[in-house]
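A.B. asks: Show me how the following folds:
(one chain, ligands or ions: 2)
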Amino acid sequence: MPPLRVAVVGSGPAGFYAAGALLGGETAVEVDMLERLPTPWGLVRLGVAPDHPKLKTVSRAFERIAERPGFRFLGNVEVGRHLEHDDLLRLYDAVVYAVGAQADRRLGIPGEDLPGSWPATEFVAWYNGHPDHQHLHFDLAVERAVVIGVGNVALDVARMLALTPEELGPTDTADAAIAAICGAGLKEIVVVGRRGPAQAAFTTPELAELGELAGADVVVDPADLDGAVGTDTNSERNVEVLREFAARTPSGKPKRVVLTFFASPVAIHGAGRVEAVELVRNELDAEGRAVPTDERRILSCGLVFRSVGYRGVPIPGVPFDDRSGTIPNEGGRVAPGVYVAGWIKRGPTGVIGTNKKDATETAELLLADLADAPRKGATAAEVDALLDERGVRRVLYAGWQSIDEIERGAGEKQGRPRVKLCTWDDLLAAAERLHSAA
Ligand code: FAD
Ligand code: NAP
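C.D. replies: Ligands and ions are numbered 1, 2, ... in the order given. All right, here's what the predicted structure looks like:
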C-alpha cells in the first residue's frame, strides 16, 4: 500500500506534535506541513515572550520531527489563499488543521477602537517580529498604560513594557520594539482583573517574575486580598505571592506594575485617542462570576492593551463555531479525512505541552480511521505542480534553515540568540540565499 499522504496546516506546536505522532507509528505516512509564514514554530517564535528564551528551545524537538523521512515543510503557503480546502481534499488522503487562533477576543465596549487601544495579540506579534505587524506604530510615550485581563499574556505584555534596556538587550525582541520600549516614558502599567486574585488565570511562576524586575516595583492593594482563598493549588500560590507583593514597600524603581482586581472596563474615553479607561467595581456572585456594582472610576492612561484572549478564524469551506471560535470536532475529527489539533480544536488556552496530548489524540484517530483505507494516489509532484501553476514562492525546510542561520549569525555578533528578520522581503530573500525553493 502506498504511504498515507497527510497535509498538516500550521507549523506551531500542534502541527509539529501531530506530524510527530503521524510519522512515528506503524503506518507509512508522508506529511506536507503547509505554513502561511516563511518560518515555522507558530507562537513559539511569534508569541512566547523574548525574555523567556529557554521556553523557545522546545523548537529543538520540532527540528527532530522535521528531519524524519516523509516530512516536508512548505512555508509561505496559505490555505484559503494559495490552496483551498477542496484542493487539499483532492491532493491528500487526510488534512489536519492546526492553524491556532489568529485573532483576538473583543471587549464590546465604547471606545475600544480609539487609537492607543490595542489588542495584546498585535503588540505581542509586533515585539516578536511577526512580518504582518511591523508597520504598526506603538506610541509608548505615555505615563500610564492599562492592560485588561489577568492571564499569562497580560503578564507578558506588562513585563515587556517594564523591562530595562539591560534586560531587553540580550533578547531576540524585534529591534524596533527594543528601541520603542527603551525610549518610552512609561511610569506605570496597571493590570486589571475583572474577578478576584483567587480567580486570576495567570500561573504562579509567571506572577512571581513580576516581583523580580530590575526596573519596576510591583504594587498590589492589600484590600483586594481581603478574604481571598485559593480554589486550587495554582490559585492558592498566586494568592500567597500577591500577599507578599501587597506587603512590599515600593523601592523607588523607575516604573511600577500595579495589579488591581474586581474591576471591568465599561468604556475607553478620549478625544481622538485614548485618554482614560472607565472601570466599574465588581463583586463576585456565589459561582465566582463578576457582577458589576454602581461604583465607577476613571483611570487616566495613554494606552490600553486588551488581553482577554485569542480567537480562531474560519478557514473557507471548513465548518466553524462562531461562538467558541473553533472548528467543531469530536476528539479531533471534523469529518472522516478532516481533523484538527491545538488551539483551533479546543480554544485558545493551554501551554505548549498541552498541545502534545491533544495532537497525539488527533493523529491516533486519523490513523485508526484511514490506516486501511484506499489511498487517493495523488503525489507530492502534483502538489508542487499546482503551487507552481499558482506562482507560489514557497519556502522549503532548507529555506527556513537559511533564515535561521542568518538570524543566529547576526545574533552571535550582538550576544543575542538571534536578530530576527521581520519583513516578508527580508525573510523570503534569506530563504532563497542558500537555497532555491522552486
Ligand atoms: P500556533 O502556535 O498559533 O500555530 C499555528 C500556526 O498556523 C502558525 O504558524 C500560523 O502562521 C499557521 N497558520 C494559521 N493559519 C494558516 C493558514 N490558513 N494556512 C497556513 N498556515 C496557517 N506556552 C508555554 O508553554 N509557554 C509560554 O511561555 C507561552 N507563551 C505564550 C505567549 C503568548 C503571547 C501566547 C499567545 C501563547 C503562549 N503560550 C505559551 C501558549 C502556546 O504558545 C500555545 O499553546 C501554542 O502555540 C498553540 O499551538 P497551535 O499550534 O495550536 O497554534
Ligand atoms: P487566558 O489565560 O484565558 O486569560 C484571559 C484573561 O482575560 C482572564 O483573566 C479573563 O478573565 C480575562 N477576560 C476575558 N474576557 C474578559 C472581559 N470581557 N473583560 C475583562 N477581562 C476578561 O488567556 P491568555 O492570557 O490569552 O493566555 C492564553 C493561553 O496561553 C493560556 O493558557 C496561558 O496560560 C498560555 N500562556 C502561557 C504562558 C506561559 O506559560 N509563560 C505565557 C503566555 C500565555 P476571566 O477569568 O474572568 O474570564
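A.B. asks: Provide a list of residues in contact with Lys345.
C.D. replies: Ala14, Ala98, Thr326, Ile327, Asn329, Gly332, Asp358, Thr362 (Cβ atoms under 8 Å, 6 or more residues apart in numbering). Glycine gets a C-beta too; all of them are placed from N, C-alpha and C.
A.B. asks: hmm, try it at 10 Å
C.D. replies: 14, 18, 96-99, 312, 326-329, 331-332, 334, 339, 355, 358-359, 361-362 (Cβ atoms under 10 Å, 6 or more residues apart in numbering).
A.B. asks: For ligand 1, tell me which of the residues you listed show up nearby.
C.D. replies: Filtering the contacts of Lys345 for neighbours of ligand 1 using Cβ under 6 Å from any ligand atom leaves Ala14, Ala98, Val99, Asn355.
A.B. asks: From the contacts of Lys345, list the buried ones, please.
C.D. replies: Among the contacts of Lys345, the ones that count as buried by 16 or more other Cβ atoms under 10 Å are 14, 18, 96-99, 312, 326-327, 329, 332, 334, 339, 355, 358-359, 361-362.
A.B. asks: Lowest average confidence across helices and strands of this structure, where is it?
C.D. replies: Across the helices and strands of the chain, mean confidence by mean pLDDT, DSSP states H and E is lowest for helix 53-56: a mean of 89.
A.B. asks: wait, does it contact ligand 1?
C.D. replies: Yes: between helix 53-56 and ligand 1, judged by Cβ under 6 Å from any ligand atom, the touching residues are Leu55.
A.B. asks: Against Leu284, how distant is the residue in the chain that ligand 2 sits nearest to?
C.D. replies: Nearest residue of the chain to ligand 2 (Cβ to the nearest ligand atom) works out as Gly151 at 2.2 Å. According to Cβ to Cβ, to the nearest Å, Gly151 stands 18 Å off from Leu284.
A.B. asks: what's the answer for Arg195, then?
C.D. replies: Counting by Cβ to Cβ - Arg195 and Leu284 are separated by 6 Å.
A.B. asks: Can you spell out the domain ranges of the chain, please?
C.D. replies: 4-102+311-394, 106-308 (automatic domain parsing).
A.B. asks: Nearest to Trp400 among the ones you listed would be which one?
C.D. replies: domain 4-102+311-394 (5.9 Å; Cβ to Cβ).
A.B. asks: ends of the closest one, how far apart?
C.D. replies: Criterion Cα to Cα, to the nearest Å; first-to-last residue distance in domain 4-102+311-394 is 23 Å.
A.B. asks: Quickly check: that domain near ligand 2 or not.
C.D. replies: Yes: using Cβ under 6 Å from any ligand atom, a contact is recorded between domain 4-102+311-394 and ligand 2, made by Pro348, Thr349, Gly350, Val351.
A.B. asks: just how off-centre is that domain within its chain?
C.D. replies: 16 Å (Cα atoms, centre = their mean, to the nearest Å).
A.B. asks: repeat for stretch 214-221
C.D. replies: On Cα atoms, centre = their mean, the centre of stretch 214-221 falls 26 Å from the chain's centre.
A.B. asks: how about that stretch: buried residues?
C.D. replies: In terms of neighbour count (16+ other Cβ under 10 Å), stretch 214-221 has its buried residues at Ala216, Asp217, Val218, Val219, Val220.
A.B. asks: Tell me which of these fall in strands.
C.D. replies: Ala216, Asp217, Val218, Val219, Val220 (DSSP state E).
A.B. asks: who does the last one bridge with?
C.D. replies: Same thing as Val220. Leu259 (DSSP bridges).
A.B. asks: still on that earlier bit, need the overlap of contacts for Arg195 and Leu284.
C.D. replies: By Cβ under 10 Å, 6+ apart, the residues touching both Arg195 and Leu284 are Phe262, Ala290.
A.B. asks: Compare the two (neighbour count), which wins?
C.D. replies: The residue with more neighbours, out of Arg195 and Leu284, is Arg195; 19 against 15, by other Cβ atoms under 10 Å.
A.B. asks: Of the buried residues of stretch 214-221, which ones also sit close to ligand 1?
C.D. replies: Within those, nothing lies near ligand 1 by Cβ under 6 Å from any ligand atom.
A.B. asks: Distance to Ala371 and pLDDT for the residues you listed - can I get that in CSV?
C.D. replies: Supplementary listing: these in CSV, determined by distance: Cβ to Cβ, whole Å; pLDDT from 0 to 100:
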residue, distance to Ala371, pLDDT
Ala216, 55, 97
Asp217, 59, 98
Val218, 54, 98
Val219, 58, 98
Val220, 55, 98
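A.B. asks: Pairing partners for the longest strand anywhere in the chain, with directions?
C.D. replies: Counting residues, the longest strand found in the chain (DSSP E) is strand 290-300. The pairing partners recorded for strand 290-300 under DSSP bridges are strand 276-284 (antiparallel).
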